[in-house]
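> my questions concern the predicted model and sequence given below.
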Amino acid sequence: KAGVTQTPRYLIKTRGQQVTLSCSPISGHRSVSWYQQTPGQGLQFLFEYFSETQRNKGNFPGRFSGRQFSNSRSEMNVSTLELGDSALYLCASSLAGAGYGYTFGSGTRLTVV
Amino acid sequence: AQSVTQLDSQVPVFEEAPVELRCNYSSSVSVYLFWYVQYPNQGLQLLLKYLSGSTLVKGINGFEAEFNKSQTSFHLRKPSVHISDTAEYFCAVSEGSGGSNYKLTFGKGTLLTVNP
C-alpha cells in the first residue's frame, strides 16, 4: 500500500514569506503528526490531528499552524518565516495514535534564505 | 515530562560485529517505547516497539530491544551488523495514556557507522 506522501520534497523561501506543506497519510490512518528536525534541536513535535481535531501541540510559536481535512490529509503552515525555520519537516500517520506505531513520510526540506 | 537520553552520539563498529545502542528514558507513567532508523535524505522507519508484555522485542532487519523498567532503559541490539545498517537510530517514548499518547519524544539520535 502507498506510504505517507509529503509534498513538496524541497522548498526555498525568503525570510518573511509564508509556506504551506502537505501530507497525505496512509489510507485508513486517521492520526497525523508533524515533526521538525534540525541538527541542533533534533526531532521536535509540532502537533497531532485526529479526525480533524488537534489533540496535542508542541512548544512552537503561533506562526506554526496546521489543519486536517475530512479525508485525513493534513497541511501545516508557517507564517513570517525566519532563518531558524530551516529544517526537515516530517509528517507521520497512524491508525489512532502512538501505540499503533507511526509511519513517517520522507519529509519536506525547507530552506529559508 | 517525558525525556529520552541516547548515551552515544556515534557508534563505529566493524561489519559482522555485534552492536548495542543505548537508550534511557524518564517518565512518571507507563510508556510505549520505539526505535526508529533514518537513512540519509529519508524519513524515519519503525524498527520495533514495546507496548506491554514480553520485555524482549524483536523487530525488522534482525534488531531486537529489551525493556528494563527498573533501569528505565530500552537498549537496541543486533548480533551481527552489515554495511547497510549504517544510519542514524532514534529512540522514542510516548506515554501510554492521556494526551501524551499522541506524541513521540525522541532522543538526539545515535549515528551507527559500520566499517568493512
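Sure thing, it's come through.
> for the rest of this, base every contact and every neighbour count on C-alpha atoms.
Noted.
> state the distance from the residue in chain A that chain B sits nearest to to residue B:28.
Closest residue of chain A to chain B, Cα to the nearest Cα: residue A:106 (4.0 Å). Separation of residue A:106 from residue B:28 (Cα to Cα, to the nearest Å): 32 Å.
> ok, residue A:81 next?
Residue A:81 is 36 Å from residue B:28, by Cα to Cα.
> ditto for residue B:115
Going from residue B:115 to residue B:28 by Cα to Cα gives 39 Å.
> out of these two, which sits in the more crowded spot?
residue B:115 (14 against 8; other Cα atoms under 10 Å in any protein chain shown).
> surely the more buried one meets residue B:14?
Yes. Using Cα atoms under 8 Å, residue B:115 is in contact with residue B:14, at 4.7 Å.
> common neighbours of the two, please.
Residues touching both residue B:115 and residue B:14 (Cα atoms under 8 Å, 6 or more residues apart in numbering or on different chains): none.
> mind pulling up the pLDDT for residue 39?
Reading this off chain A. In this model, residue A:39 is scored at 93, pLDDT.
> can you look at chain B instead?
At residue B:39, pLDDT is 93.
> so what's it up against?
For residue B:39, the contacting residues are B:86-88, by Cα under 8 Å, 6+ apart.
> flag every buried residue along stretch A:38-48.
By neighbour count with 16 or more other Cα atoms under 10 Å in any protein chain shown, stretch A:38-48 contains the buried residues A:43-48.
> in chain A, which spans are strands?
With strands called from DSSP state E, chain A shows them at A:5-7, A:10-13, A:19-24, A:31-38, A:42-50, A:53-57, A:64-68, A:74-78, A:87-94, A:103-104, A:108-112.
> check which helices and strands the fourth one sits against.
This points to strand A:31-38. Contacts defined by 3 or more Cα pairs under 8 Å, 6 or more residues apart in numbering or on different chains; DSSP states H and E place strand A:31-38 against strand A:42-50, strand A:87-94.
> one more: the fifth one?
Applying 3+ Cα pairs under 8 Å, 6+ apart, one finds that strand A:42-50 contacts strand A:31-38, strand A:53-57, strand A:64-68, strand B:105-106.
> need these in CSV with distance to residue A:112, can you?
As requested, the helices and strands packed on strand A:42-50 are exported to CSV (distance: least, Cα to Cα, whole Å):
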stretch, distance to residue A:112
strand A:31-38, 13
strand A:53-57, 23
strand A:64-68, 15
strand B:105-106, 25
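> from those strands, which stretch is densest packed?
strand A:31-38 (a mean of 24; mean count of other Cα atoms under 10 Å in any protein chain shown).
> from the chain's centroid, how far away is that one?
Distance, stretch centre to chain centre, for strand A:31-38: 5 Å (Cα atoms, centre = their mean, to the nearest Å).
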